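Asks: Show me how the following folds:
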Amino acid sequence: MPEQKRYDTNLAMGLGLIDETKELLQIWSPGLSATALYQEVLSSGKLAGGSAYRLRNIVVRCFANRFLVQDGAPATRIKTLMPTLTASELRQLLFLYTCRANPILADFVRETYWRAYESGASRVTKNSAEEFVRRAIDDGKTPSRWAEGQIERMGRYLTGCCFDFGLLGNRTTGGRRINAFRIEPKIVTYLAHELHFTGLGDNALLMHQDWQLFGLAREDVLDELKMLSLKGHLIIQAAGDVVRISWKQPSMETLCDVLSQG
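Replies: Okay, here's the model as predicted:
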């Protein structure tokens, strides 16, 4: 198993950046590098309202890290799907890639948000977010020991990012309210196929940690895939611990074309 990437502070550059990402996806085209995209956005005057330095951070440290990995495959797929996605579906897809690019957010969602949700808590507090960061520092997950001020800021970034993606509500004196957060069926279809096309076996796919971002354990994922089979997206056979899935689409590109047609 590869060593987990250390946590960084890239979330400070813009949290969820949903509106900015939509704008950048409209401008971006396959083959355009992060630097070229930045220059194009800078010269066009779009995404105005901030400094050139902040714009570069948004494009290079946020957008590129999230969506221009794997030769831009995530950006290409989302750009194909975007015209037919609901606001919730798009937000969840951006959430998935933002978590992948920012392990600190992914672990916070899995270890703090969903544990609070499952325990029946109504809010995620400022203290619980900061405690998560302190534990991460003690566990050596940061490149250095962060100062107290940076711990407090990172706690705000984490809960603010969860707010942007719909997991948490507005900030109050008691913390941010925990929202009901259920994965959209189209995102189940997308994620299941994406994991499959990375070469994962069917049983390993059910236990992939990406599902935990949506609060799903193995049996939950199996139930979701059975629903997909009823809609004709795949064929699933389950007997005890053994699961076999027949995939109807030959590639992610084909799947995105099918999903974009409704």
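Asks: Sticking with the residue nearest the centre of the chain, tell me its helix or strand.
Replies: For the chain, the residue nearest the mean C-alpha position is residue 96 (1.9 Å; CA atoms, centre = their mean). Here residue 96 sits within helix 87-101, counting by DSSP states H and E.
Asks: who does that helix touch, helix- and strand-wise?
Replies: For helix 87-101, the packing partners by 3 or more CB pairs under 8 Å, 6 or more residues apart in numbering; DSSP states H and E come out as helix 18-27, helix 64-67, helix 69-81, helix 103-108, helix 185-197. Just so you know, the C-beta spots here come from the backbone N, C-alpha and C atoms, and that holds for glycine as well.
Asks: what angle separates the helix ranked longest in the chain from helix 87-101?
Replies: Longest helix in the chain by number of residues (criterion: DSSP state H): helix 148-164. Put simply, helix 148-164 runs at 150 degrees to helix 87-101, going by axes from the mean of the first three to the mean of the last three CA atoms, to 10 degrees.
Asks: Which residues does helix 148-164 contact?
Replies: The contact list for helix 148-164, computed with CB atoms under 8 Å, 6 or more residues apart in numbering, reads 9, 11-12, 15-18, 98, 104-105, 108-109, 112-113, 124, 126, 129-130, 132-134, 137, 146, 168-171, 175-176.
Asks: One more: stretch 187-195?
Replies: Defining contact as CB under 8 Å, 6+ apart, one finds that stretch 187-195 is touched by 77, 81, 89, 92-93, 96, 205, 208, 210-211, 214, 221, 224-225, 227-228, 233-234, 247, 249, 252, 255-256, 259.
Asks: got the buried residues for that stretch?
Replies: 187-195 (16 or more other CB atoms under 10 Å).
Asks: and the closest residue to residue 225 other than its chain neighbours, how many neighbours does it have?
Replies: With sequence-adjacent residues excluded and distances taken as CB to CB, 6 or more residues apart in numbering, residue 225 is closest to residue 236, at 5.3 Å. Close neighbours of residue 236, defined as other CB atoms under 10 Å, add up to 18.
Asks: Hmm, residue 236 is touching residue 247, no?
Replies: No - Residue 236 is beyond contact range of residue 247, at 10.0 Å (criterion: CB atoms under 8 Å).
Asks: what touches both of the two?
Replies: Common neighbours of residue 236 and residue 247, counting by CB under 8 Å, 6+ apart, are absent.
Asks: pLDDT averaged over stretch 195-205 - what is it?
Replies: Averaged over stretch 195-205, pLDDT sits at 94.
Asks: what's the span of it, first residue to last?
Replies: Chord length of stretch 195-205, first to last residue, is 6 Å (CA to CA, to the nearest Å).
Asks: domains of the protein?
Replies: Using automatic domain parsing, the domain parsing of the chain gives 10-101, 103-178, 185-260.
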